[in-house]
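Undergrad: Any chance you can model this:
(chains A and B)
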Amino acid sequence: MNEEISSLRDMIGGAPTVADLPSPDLWSRIAVAHAQRVRRRRNVRIAGAALVSVFGICALLMLSSWHGLTQDATASVDWQARAQALELQLDGLPMPYLSQSPSAMRTVSEISRIDSSLQAAYDGGASRDSILPLWKRRSQLLSALLAERLQQPVMTDI
Amino acid sequence: MNRAYQSTTGFAQEIEAMVLARAQRGDMQAFSRIYERFGSVCFQLALRILGQRQQAEDIVQEVFLKMIDTIGSYRGDAPFGAWLKRMTANACIDQLRRQRHLGEANADELVAHTASSDPDASSAIDVASLLARLSPRARAIVTLHELEGYTHAELASLFGQSESYSKSILARALKRLNARADASRVNS
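TA: Residues are numbered from 1 along each chain as shown, chains lettered A, B, ... in the order given. This next block holds a predicted model:
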């Protein structure tokens, strides 16, 4: 039995015949398939990189747009015009019957200081960004003063 | 006792360190040299297991493409031919799995196989015809054990079965092949 198996092994494992050899063009087919795979992978990488770039650019655009919007939202409040409108409103009110309260006097004093700062800033050619907070603060002070004036009794001529 | 027919199958051949180094750098000329040395033996192993030239060529292509991709990770722990042989055997087993030839069946069914091109018993002994009479699994076990020196433990791992299972398949397959070979000798 062992001899039979041994001869069988010899028979199966014998020298390859022509039929046991692959097609002569098999290597060229493998090389072509490899080149195609390399090309396909490179295209996928390029497409991936392009996609990431597009996403990056979109994200940057969205971010800058959002940033611009928030900045515009702050800047869109024209504190100078608002302060001037409040001043006109205050001027239109009748004079208070009682003397001004200490808090009102402090507010008026601060408004006066801000006016000086504004004048100095304009004289010094300061930038819009540095002047904007002064107008904003002046507007807030005028708004507070207006609210206080509206609560005070007024003197009526009979 | 298991005997590996490495000298005939050619997986025991070595490749020059320079060729290996060039291949690991992606040099296609080096891969061409490796193919010249191992392409035929890969094909013969695949042909004996699968029994069809076209499928065997597809396996060689698959193995060489995979080898090109993974040769960078080859550290030389095992001989290059052994590494390539294992890749080829695994690819063949995967192919059989894809064709659902490795489903559960009893040993007799696995050994018996009625090939559509069943040759006449009076014709000369033809190795391919003899192997074609076995089922794909039995053919794979005979080829890997008898020609490539795989142990039953390795076959068990490869096929996901027990060692006794591959032993049983092998014994029945060899008995069947011997009977066929004897019949052919008597008739000729």
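Undergrad: And the helices in chain A, which stretches?
TA: A:2-12, A:26-76, A:79-92, A:102-123, A:128-151 (DSSP state H).
Undergrad: Tell me which of these sits nearest to residue B:82.
TA: Minimum separation from residue B:82 across those (Cβ to Cβ) falls at helix A:2-12, 19.4 Å. Where C-beta positions appear, they are placed from N, C-alpha and C, glycine not excepted.
Undergrad: re earlier: could you dump the helices of chain A into CSV and include distance to chain B, mean pLDDT and mean neighbour count?
TA: Putting the helices of chain A into CSV (distance: least, Cβ to the nearest Cβ, whole Å; pLDDT from 0 to 100; neighbours: other Cβ atoms under 10 Å in any protein chain shown) gives the following:
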stretch, distance to chain B, mean pLDDT, mean neighbour count
helix A:2-12, 5, 58, 14
helix A:26-76, 5, 85, 11
helix A:79-92, 66, 84, 14
helix A:102-123, 68, 89, 13
helix A:128-151, 58, 87, 16
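Undergrad: closest to residue B:94 out of those helices?
TA: Of all the helices of chain A, helix A:26-76 comes closest under Cβ to Cβ, at 17.9 Å.
Undergrad: just checking, what's the longest helix in chain B?
TA: helix B:163-187.
Undergrad: ok, and the helix or strand in chain B with the lowest average confidence?
TA: Of all the helices and strands that make up chain B, helix B:6-9 has the lowest average by mean pLDDT, DSSP states H and E, namely a mean of 46.
Undergrad: Please point out which parts of the next helix or strand after that one sit buried.
TA: Once helix B:6-9 ends, the next helix or strand along the chain (criterion: DSSP states H and E) is helix B:17-24. Applying a neighbour-count criterion of 16 or more other Cβ atoms under 10 Å in any protein chain shown, one finds B:19-20, B:22-23 buried in helix B:17-24.
Undergrad: out of those residues, which touch chain A?
TA: Near chain A, taking Cβ under 8 Å from any Cβ of the partner chain as the test, no member of these is found.
Undergrad: possible to save the helices of chain A as CSV with distance to residue B:69?
TA: What follows is the helices of chain A, written out as CSV (distance: least, Cβ to Cβ, whole Å):
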stretch, distance to residue B:69
helix A:2-12, 32
helix A:26-76, 9
helix A:79-92, 66
helix A:102-123, 69
helix A:128-151, 59
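Undergrad: Break down chain B into its helices, ranges please.
TA: Going by DSSP H, chain B shows helices at B:6-9, B:17-24, B:28-50, B:53-70, B:80-98, B:107-111, B:127-132, B:136-142, B:152-159, B:163-187.
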